[in-house]
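[1] My questions concern the predicted model and sequence given below.
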There are 2 protein chains.
Amino acid sequence: MPFTRVEVAVLSLLEGQLCVLLIKRKEAPHKGLWGLPGGVLRIDLDATLEGAAQRVAQERLGAKLPYLKQLIAVGSKTRDPRSPWALSVVYRALIPITSIEPLPGKRIEAIRWAPAHEFDVDQKLAFDHQALARSALAATKIEIDELKLPVGFLPDTFTLTELQTLCEQLAGRALDKSSFRRKLKDRMMVEPVEGKFVGGANRPALLHRLKPNLD
Amino acid sequence: MPFTRVEVAVLSLLEGQLCVLLIKRKEAPHKGLWGLPGGVLRIDLDATLEGAAQRVAQERLGAKLPYLKQLIAVGSKTRDPRSPWALSVVYRALIPITSIEPLPGKRIEAIRWAPAHEFDVDQKLAFDHQALARSALAATKIEIDELKLPVGFLPDTFTLTELQTLCEQLAGRALDKSSFRRKLKDRMMVEPVEGKFVGGANRPALLHRLKPNLD
DNA sequence: TCAAAAGTGTTTGGGTTACACCCATGG
DNA sequence: CCATGGGTGTAACCCAAACACTTTTGA
């Protein structure tokens, strides 16, 4: 049976840039290289594959990651020098702009948010994690281009202007306010949250949340 | 390490209906039940995951399957009674209408093409293959609705009328001939094949083939 | 001459975008 | 009053579907 792991590509939006969380490896193989966080599937601990991904994220990053999505499973004889046959199931997580950066922990020397454009050129990442990160970014960019709402990049509640600004950063261009809001209303993608609002020196904005079961 | 298998959902179009190839199991567990063809990942034989899927298809069905696409990996403690933790990577294959049905072989008592609508209602399939087949059908229907060309359902060369008829069967409605052909030309999805044609009591049709690298 | 292949042109309608403009609200 | 939130109306535009029609080709 293959040596089976779970890897997690954690994406977030920092200063308007789509970034991938990389960790610096404390141990061989590839000690000192950057790579995606991951861990071995534990059949004694994990009830399901997704559960394994959640456990690994919790252990390595100290954070519970919502919106985990399985991207792909990769496996071959040569992926990992520790084993004659290594299988990895790759998950993607999106976390909010406001979330605190996880702290280095078990077997992690340091963490770093690598902007998407870094992956345009080759860099030395551990194992095949360069390719895995690239495909995670590519899959996410497709979703962005399809104008799916950036579930996971958002806090639980937000104002419509915050949502529009986030979408503008992701899309890389300005969006028309009334068209944007009309689309939200027509497709019933968000709903207002009971009674709350935030203030400034102007009319306060209503807080909204994403409606569940979007596509 | 988990008990790791590869399962293949083979889809084809029979008499205008989208069908899934099921096999009747010759051995326990679930002897006599229908299920998807599959096999154990062999780290001594398989160079990659996709290679494993090709080998399994070859062994179980006696046919080489082009256009294999990985759909998902599933794993849990309870999927397979033979093992405390079972992981399966599910592939989908599309095969042409003209292709000959594979013959029963190793550990297969019989085969059967199950129309898509059978999966609307619950039926007793081996393991979690009902859910796997459903998700393979759902993923394929999405591709059909997005009007991707039915790569894999087609023979190597075909006439445009054959292609349109196939798309009409898949879409479940009639398509306008000139609009259909205009789309093919605008998007450069097919190209004529050198010089050949088939005849009838009318003007012969040009043979075409799909252009490579369609998304 | 017929039947089907292949192609041309135009109209129509849906959907999105862009833009101008309205009122509401709290400091 | 001002800045921002929230909303309405509309014209322009794009694209795809629908329809009508012509030309080509081999039996």
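    It's in. Please read all numbers here as calculations on a predicted model, not as lab measurements.

[2] which residues sit against stretch A:171-185?
    By C-beta atoms under 8 Å, 6 or more residues apart in numbering or on different chains, the list of residues contacting stretch A:171-185 from outside reads A:Ile144, A:Asp145, A:Leu147, A:Leu160, A:Leu163, A:Gln164, A:Cys167, A:Glu168, A:Met189, A:Val190. Every C-beta, even on glycine, is put in place using the N, C-alpha and C of the backbone.

[3] pull the CA atoms of the lowest-mean-pLDDT helix or strand in chain A into CSV?
    For chain A, scoring each helix and strand by mean pLDDT, DSSP states H and E identifies strand A:190-198 as the least confident one, at a mean of 80. Output of strand A:190-198 as CSV, limited to C-alpha atoms (Å, rounded to 0.1, in the frame of the first residue of the first chain):
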residue,chain,number,x,y,z
VAL,A,190,-26.4,37.3,0.1
GLU,A,191,-28.9,38.2,2.8
PRO,A,192,-28.9,41.0,5.4
VAL,A,193,-28.0,40.1,8.9
GLU,A,194,-30.5,41.0,11.6
GLY,A,195,-30.3,44.6,12.8
LYS,A,196,-26.6,45.2,13.0
PHE,A,197,-24.5,47.9,11.3
VAL,A,198,-21.2,49.6,11.5
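
[4] so how far is chain B from A:Ile97?
    Using C-beta to the nearest C-beta, to the nearest Å, we find A:Ile97 at a distance of 29 Å from chain B.

[5] what about the nearest residue to that residue once chain neighbours are set aside, which SS state?
    On the basis of C-beta to C-beta, 6 or more residues apart in numbering or on different chains, the spatially nearest residue to A:Ile97 that is not a chain neighbour turns out to be A:Leu13, at 5.3 Å. The local conformation at A:Leu13, judged by DSSP: H, G, I helix; E, B strand; the rest coil, is strand.

[6] Mind listing the residues bridging to A:Leu13?
    According to DSSP bridges, the residues that bridge with A:Leu13 are A:Leu18.

[7] Residues of chain A that sit close to DNA strand D?
    Remark: the part of chain A in contact with DNA strand D comprises A:159-161, A:177-178, A:181-182, A:185, A:200-206, using C-beta under 7 Å from any atom of the strand.

[8] Tell me how many other residues surround A:Ala171.
    By other C-beta atoms under 10 Å in any protein chain shown, the residues close to A:Ala171 number 13.

[9] Same question for A:Arg55.
    Burial measure for A:Arg55: 17 neighbouring residues, criterion other C-beta under 10 Å.

[10] Per-residue pLDDT of it, please?
    pLDDT recorded at A:Arg55 is 95.

[11] part of a helix, is it?
    Yes. Counting by three-state DSSP, A:Arg55 is part of a helix.

[12] So it versus DNA strand D, what's the distance?
    39 Å (C-beta to the nearest atom of the strand, to the nearest Å).

[13] I figured that residue hits A:Arg42, correct?
    Yes. Look at A:Arg55 against A:Arg42 with C-beta atoms under 8 Å: they come within range, at 7.4 Å.

[14] What's the first helix or strand after the longest helix anywhere in chain A?
    Taking DSSP state H as the assignment, the helix of chain A that covers the most residues is helix A:129-145. Proceeding C-terminally, helix A:129-145 gives way to strand A:158-159 as the next helix or strand, assigned by DSSP states H and E.
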